[in-house]
Every structure is written in C-alpha cells, then in structure tokens.
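Peer 1: Got a sequence here, can you model it:
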Amino acid sequence: MDKNKIIQQLTILITKIRPIHKNQKKKINEFNYIEGGHLDSMEIIRFNLSVEKKFKIKITPQETTKKKFQTLEGLATTILKKIT
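Peer 2: Model (predicted):
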C-alpha cells in the first residue's frame, strides 16, 4: 500500500464522521482536520479508533500530539511507517 492509497482510505474514514467541504478536498493532503476544527474532540477519538482498526495499528498518545498527525498526509506517513 502506498501513501496515496492510505490518504484515500483516510478521506473515506473522516467523511463517514463528517463530510469534507469541496474546497478542502482540492488540497486533501494538506487538510488539517484538527486545527481547522473539522472534527471535535469526540470525533477525533472516533476517527483514531477507526484508523487503528482499518490499518491494524496502534496510535500512541505521543503521536497524536505531533503537528504532522493533524494532516492527512502526515497521518498517512505515520501509518505507512507502521505497516511496512
């Protein structure tokens, strides 16, 4: 699996929680779902759990506080490192 496929899967997972606006989809790799306020705190937890289940990984609390974790591309990079 490559990073683009992971980003596609993340987009599907996040859209199940809350739809992404069209203008944000244009730069989906840079989409900051935390700082942008797209997901509230409970939705972030739900999203993290769905990511863990989908990719069969464990996300540590330290990872969730990193800046790169806030974008789909950064999260995809983290996932890619864990699954390879």
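Peer 1: Now do stretch 8-24: everything it contacts.
Peer 2: Here stretch 8-24 makes contact (C-beta atoms under 8 Å, 6 or more residues apart in numbering) with 25, 28, 31, 33, 36, 38-39, 43, 46-47, 50-51, 54-55, 72, 75-76, 79. To be clear about C-beta, it is placed using only N, CA and C from the backbone, and glycine gets the same treatment.
Peer 1: Please indicate which of those residues are buried?
Peer 2: 28, 31, 33, 38-39, 46-47, 50-51, 55, 72, 75-76, 79 (16 or more other C-beta atoms under 10 Å).
Peer 1: Looking at those residues, which is nearest Ile6?
Peer 2: Distance to Ile6 across those (C-beta to C-beta) is lowest for Ala76, with 4.1 Å.
Peer 1: tell me the contacts of that closest one?
Peer 2: Taking C-beta under 8 Å, 6+ apart, one finds Lys3, Ile6, Ile7, Leu10 in contact with Ala76.
Peer 1: Pull the distance from the helix or strand where it lies to the chain's centre.
Peer 2: Using DSSP states H and E, Ala76 sits within helix 72-83. The gap between where helix 72-83 is centred and where its chain is centred comes out at 9 Å by C-alpha atoms, centre = their mean, to the nearest Å.
Peer 1: By average pLDDT, which secondary structure element in this protein comes out worst?
Peer 2: Within the chain, confidence by mean pLDDT, DSSP states H and E is lowest for helix 22-25 among all helices and strands, at a mean of 86.
Peer 1: how close does the residue positioned nearest the centre of the chain sit to Asp2?
Peer 2: Per C-alpha atoms, centre = their mean, the C-alpha nearest to the average position across the chain is that of Leu72, at 4.5 Å. Look at Leu72 and Asp2: by C-beta to C-beta, to the nearest Å, they are 14 Å apart.
Peer 1: again, but for Phe47
Peer 2: Here Phe47 is placed at a distance of 21 Å from Asp2 (C-beta to C-beta).
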